[in-house]
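Trainee: Let me see the structure of the following:
(one chain, ligands or ions: 1)
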Amino acid sequence: MNFWQQHQSDNIGKILLDENTIQQRVSELAKEITEDYVRMGADELVTVGILRGSVLFLSDLIRRIELPVDLDFMAVSSYGGSTTSSGEVRIMKDLSHRIQGRHVLIVEDIVDTGRTLQFLKNLLGTRQPASLKICTLLDKPSRRLVDMEADYVGFEVPDEFVVGYGLDFDDAWRQLPYIGVLKPEAYGK
Ligand code: 5GP
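Mentor: Below you'll find the model as predicted:
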């Protein structure tokens, strides 16, 4: 085992979704999204990636969407500890492009309490897009505190703190091609 393989086996307790499973589902989502927007008469789509957790998912997803895509980003921060999110959401980076009259798809890594997406949906809704939908890779419905459902969901996951494929713990593990759960002792490091 090289260093990186050893580091993963020391810290990752289990794999919830392996690389093949994720990639197959991303292809299905891209197909569904393409078909829906073509049916809606859209000739382009603005994808709004929420930094930084959505980046791996977003880059795989847009390569499989068969419509012109304008790739934009927002960054938000929610207060609280690293494994919980509090109610308050603050914009750290706003969109670079105008979305009025355009079809907008927010792309998120995970919906947990739902507060981040509720905030973003309300905010972007005031800018009068032609349509506004949400696509999330993961959904933890058991943790929901506000009424918020994504239009496209990759996978439902149990109430466990997950890392990989964009999701971090303490700024690490985003690069994993799979989604896993850290060993309990890894959270203390
Ligand atoms: P919400 O506003 O829905 O409570 O929070 C969503 C954000 O919380 C996600 O974008 C993500 O940054 C973070 N989050 C929630 N659950 C998890 C998790 O299991 N793992 C990681 N790495 N982040 C999570």
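
Trainee: Against the ligand, how distant is D60?
Mentor: 17 Å (C-beta to the nearest ligand atom, to the nearest Å). For glycine as for every other residue, the C-beta is placed from the backbone atoms N, C-alpha and C.

Trainee: Tell me, how many residues neighbour the residue lying closest to that residue once chain neighbours are set aside?
Mentor: Residue nearest to D60 in three dimensions, not counting chain neighbours: V26, with 4.9 Å by C-beta to C-beta, 6 or more residues apart in numbering. Neighbourhood size, V26 [other C-beta atoms under 10 Å]: 21.

Trainee: ok, which residues in this structure are in contact with the ligand?
Mentor: Taking C-beta under 6 Å from any ligand atom, the part of the chain that reaches the ligand is made up of 53, 78, 85, 108-116, 161-163, 167-169.

Trainee: out of these, which are buried?
Mentor: Among these, the ones that count as buried by 16 or more other C-beta atoms under 10 Å are 53, 78, 85, 108-116, 162-163, 167-169.

Trainee: Verify the contact between Q128 and G101 for me.
Mentor: Yes. Counting by C-beta atoms under 8 Å, G101 is a contact partner of Q128 at 6.8 Å.

Trainee: So these two - more neighbours on which side?
Mentor: Q128 (12 against 9).

Trainee: in this protein, which spans are strands?
Mentor: Listed in chain order, the strands of the chain (DSSP state E) span 12-17, 45-51, 69-78, 89-93, 103-111, 131-139, 152-156, 162-163, 179-182.

Trainee: ok, the residue lying closest to K133 once chain neighbours are set aside - how many residues close by?
Mentor: With sequence-adjacent residues excluded and distances taken as C-beta to C-beta, 6+ apart, K133 is closest to D151, at 4.2 Å. If you count neighbours by other C-beta under 10 Å, D151 ends up with 15.
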